[in-house]
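In: Show me the folded form of this:
(one chain, ligands or ions: 1)
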Amino acid sequence: MEDASCLSEATKLAMRLAPAIDDVRVLAAIASIPRERFVEPSLRDRAYANVALPIACEQTISQPLVVARMLELLELAPTDRVLDVGTGSGYHAALLALLGGEVYTIERHRELARVAERTITELGIDNVHFAIGDGWQGLPESAPFQAINVAAATGPAPPPPLVAQLASGARLVAPVGRASQYLTLIRRTDGGLTQATLEGVRFVPLIRDDDDAG
Ligand code: SAH
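Out: Sure, this is the predicted structure:
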């Protein structure tokens, strides 16, 4: 038995998530990213609790268990081109970058994107590309993607532009709904699209450009 006092906080978090997460690559990624770097110093003592925490611009860093579930649903390969909608703190993007190939992350709040880029660069992760704008539209100039991760609640259906940017065989995971939200997995196959509705979750809303920017 390993002496738990020698393990990093991130490793202990991964061990706590292990009963609910089958993909060991996802657990290894969680164990190697220091989540405390993605929250404000005053919240660092809660950085490894399995809870969402507030970040700037009235947004949240998602709950680790939900992040891990979304990562395992995406079944990433090291060569995958990945789109991440809603950079926020950059924590989810950093994990995608360990599991996929090139990650394109888009955020509508410039300040969040700036801080996330700094944190990810400081961690020595160099395969994340940052964009500012309306992620509802996806990133057509970098499409198609083998995987799309949406970290904000889409409303009644995943945005059609995102579904259109899925390569053949690609997966999209998103919290679909508003008042009640469910993780939804879409897969593009040669025969068309398949969609599975999974567990209930709670995310901040995906804001459309024509909504109030807040
Ligand atoms: N993935 C983040 C958590 C994101 S919270 C993390 O790991 O910390 C959801 C994020 O989506 C917020 O930062 C919010 O500003 C952003 N967002 C909401 N609507 C958006 C849109 N239309 N385009 C891009 N980003 C959006």
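In: Surely Ile132 is in contact with Leu112?
Out: No. Using CB atoms under 8 Å, Ile132 makes no contact with Leu112, being 9.3 Å away. For glycine as for every other residue, the C-beta is placed from the backbone atoms N, C-alpha and C.
In: Have a look at these two and say which one is more surrounded.
Out: Set Ile132 next to Leu112 and count neighbours by other CB atoms under 10 Å: Leu112 wins out with 20 against 15.
In: Pull the host helix or strand of that one out as CSV, backbone CA atoms only.
Out: Leu112 belongs to helix 110-122 when elements are defined using DSSP states H and E. Only the C-alpha atoms of helix 110-122 are listed here, as CSV (Å, rounded to 0.1, in the frame of the first residue of the first chain):
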residue,chain,number,x,y,z
ARG,A,110,-11.3,37.7,-23.4
GLU,A,111,-10.1,38.0,-19.8
LEU,A,112,-10.8,34.4,-19.0
ALA,A,113,-9.0,33.3,-22.2
ARG,A,114,-6.0,35.4,-21.4
VAL,A,115,-5.6,33.9,-17.9
ALA,A,116,-6.3,30.4,-19.1
GLU,A,117,-3.6,30.7,-21.8
ARG,A,118,-1.1,31.9,-19.3
THR,A,119,-1.8,29.1,-16.9
ILE,A,120,-1.6,26.4,-19.6
THR,A,121,1.6,27.9,-21.0
GLU,A,122,3.2,27.9,-17.5
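In: on contacts alone, who are the packing partners of that helix?
Out: Where contact means 3 or more CB pairs under 8 Å, 6 or more residues apart in numbering; DSSP states H and E, helix 110-122 is packed against helix 91-99, strand 102-107, strand 128-132.
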